[in-house]
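In: coordinates for the following, if possible.
(one chain, ligands or ions: 2)
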Amino acid sequence: MTVIEIDGLRKSYGSGKAVDGVSLRVERGEIFGIAGPNGAGKTTIVECASGSRRRDGGILRVLGLDPWDDRRELLQRIGVQLQEAALPDAIKVGEALRMYASLYDRPADWRKLMDEWGLADRKGTRFARLSGGWKQRLFIALALVGNPEVVFLDELTTGLDPSARRMTWGLIRDLRERGVTVVLVTHFMDEAEALCDRIAIVDRGRVVAEGGPRELIEKGRSDSLENAYFALTGRETA
Ligand SMILES: Nc1ncnc2c1ncn2[C@@H]1O[C@H](COP(=O)(O)OP(=O)(O)OP(=O)(O)O)[C@@H](O)[C@H]1O
Ligand SMILES: [Mg+2]
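Out: Ligands and ions are numbered 1, 2, ... in the order given. From the prediction side, this is the model:
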């Protein structure tokens, strides 16, 4: 079952084309990666698909809904971790999770999520006092608190230490096993290779290559996904 359909998506900011005709399909239960250079348009794609930004053109369907027109309904069924999220400085970890859970019709058990993501020891810590990596973990947990069918994670493990990254990979695989569809933006090719069923490489607002990790390595005539990325974007030293 296709859960995300993107056809000819376009979005400009002023005269700059951020997304210039992107088409993608994501099937239920996939971990779908979006990679590409800084400024390629990845966050804009995720924002348009998750209903936080209005597209200029193209067709978008997520769980059969239009992410902009039907965003109230969609927001109950998806989870979003945006790249530049923020919370009030004074809010405590436990309060943030409880508050977010209260926004959903069928929330997950926020205490269980807090444990899973190793946040229980920091339940009473205020947001402003968390280190970058702990903020990141909190944002991932918040993206999952609504029991989403689809979750969008923008720069999933940026700022996480190696063991937190590995733990995160395991928890993302658990989500897939439960049938949750995961779209993740990442700059880490080891992460994409380890985690993603398929990956779209985006550059200058367009998809330049798409496929499973093995397929992309072959397309780039490379020995690793990282080298394939350089070959396919032509950006090794850009
Ligand atoms: N709010 C905005 N106003 C104006 N221009 C924007 C805005 N957001 C993004 N852009 C521009 O749109 C283009 C795509 O940006 P986007 O954030 O989608 O890229 P990205 O692939 O997520 O990059 P990164 O890897 O650095 O996160 C860039 O040229 C960026 O400068
Ligand atoms: Mg981005």
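In: can you pull out the helices in the chain?
Out: 42-49, 71-75, 93-101, 110-116, 132-144, 162-177, 189-195, 213-219, 225-233 (DSSP state H).
In: what's the burial count for Trp115?
Out: Not quite, residue 115 is Asp, not Trp. Neighbour count for Asp115, taken as other C-beta atoms under 10 Å: 14. Yep, even glycine has a C-beta here, placed from its N, CA and C like the rest.
In: which residues touch it?
Out: Not one residue lies near Asp115 by C-beta atoms under 8 Å, 6 or more residues apart in numbering.
In: who are the contact partners of Ala101?
Out: By C-beta under 8 Å, 6+ apart, the neighbours of Ala101 are Pro107, Ala108, Trp110, Val145, Gly146.
In: just to revisit the earlier point, out of the helices of the chain, deepest packed?
Out: helix 42-49 (a mean of 25; mean count of other C-beta atoms under 10 Å).
In: quick one: is it near ligand 1?
Out: Yes: remark: helix 42-49 sits within contact range of ligand 1 at Lys42, Thr43, Thr44, by C-beta under 6 Å from any ligand atom.
In: and the contacts of Ala101, which of them are buried?
Out: Pro107, Ala108, Trp110, Val145, Gly146 (16 or more other C-beta atoms under 10 Å).
In: now, which of the contacts of Ala101 sits nearest Cys48?
Out: Within these, the smallest distance to Cys48 is 19.8 Å, found for Gly146 (C-beta to C-beta).
In: could you list the domains of the chain?
Out: Domain assignment of the chain by automatic domain parsing yields the ranges 2-77+149-233, 88-148.
In: span of the last one from start to end?
Out: In other words, domain 88-148. Domain 88-148 has an end-to-end distance of 24 Å (C-alpha to C-alpha, to the nearest Å).
In: for it, give the mean pLDDT please.
Out: Domain 88-148 shows a mean pLDDT of 95.
In: how distant is that domain from the center of its chain?
Out: Centroid separation for domain 88-148 versus its chain: 17 Å, with C-alpha atoms, centre = their mean, to the nearest Å.
In: for the longest one, same thing?
Out: Relative to the centre of its chain, domain 2-77+149-233 is centred 6 Å away, using C-alpha atoms, centre = their mean.
In: what's the end-to-end length of it?
Out: Distance across domain 2-77+149-233, first residue to last, is 27 Å (C-alpha to C-alpha).
In: any idea how many residues pack against Val150?
Out: Applying other C-beta under 10 Å, we find 22 residues neighbouring Val150.
In: correct me if wrong: it contacts Met1.
Out: No: counting by C-beta atoms under 8 Å, Val150 sits too far from Met1 to count as a contact (11.6 Å).
In: Arg198 and ligand 2: what is the separation?
Out: 19 Å (C-beta to the ion, to the nearest Å).
In: nearest the geometric middle of the protein, what residue?
Out: Of all residues in the chain, the one closest to the mean position by C-alpha atoms, centre = their mean is Leu153, 2.0 Å from it.
In: in the sheet, who's paired with that one?
Out: Gln81, Leu184 (DSSP bridges).
In: contacting residues around it?
Out: Leu153 makes contacts with Gln81, Ile140, Ala143, Ile172, Val182, Val183, Leu184, Val185, as judged by C-beta under 8 Å, 6+ apart.
In: nearest to Glu116, of these?
Out: Nearest to Glu116 among the contacts of Leu153 is Ile140, at 10.0 Å by C-beta to C-beta.
In: and that closest one, what does it touch?
Out: Ile140 touches Gln81, Trp117, Leu153, Leu156, Thr168, counting by C-beta under 8 Å, 6+ apart.
In: most widely separated two among the buried ones among the contacts of Ala101?
Out: Of all pairs in these, the most separated under C-beta to C-beta is Trp110 and Gly146 at 10.1 Å.
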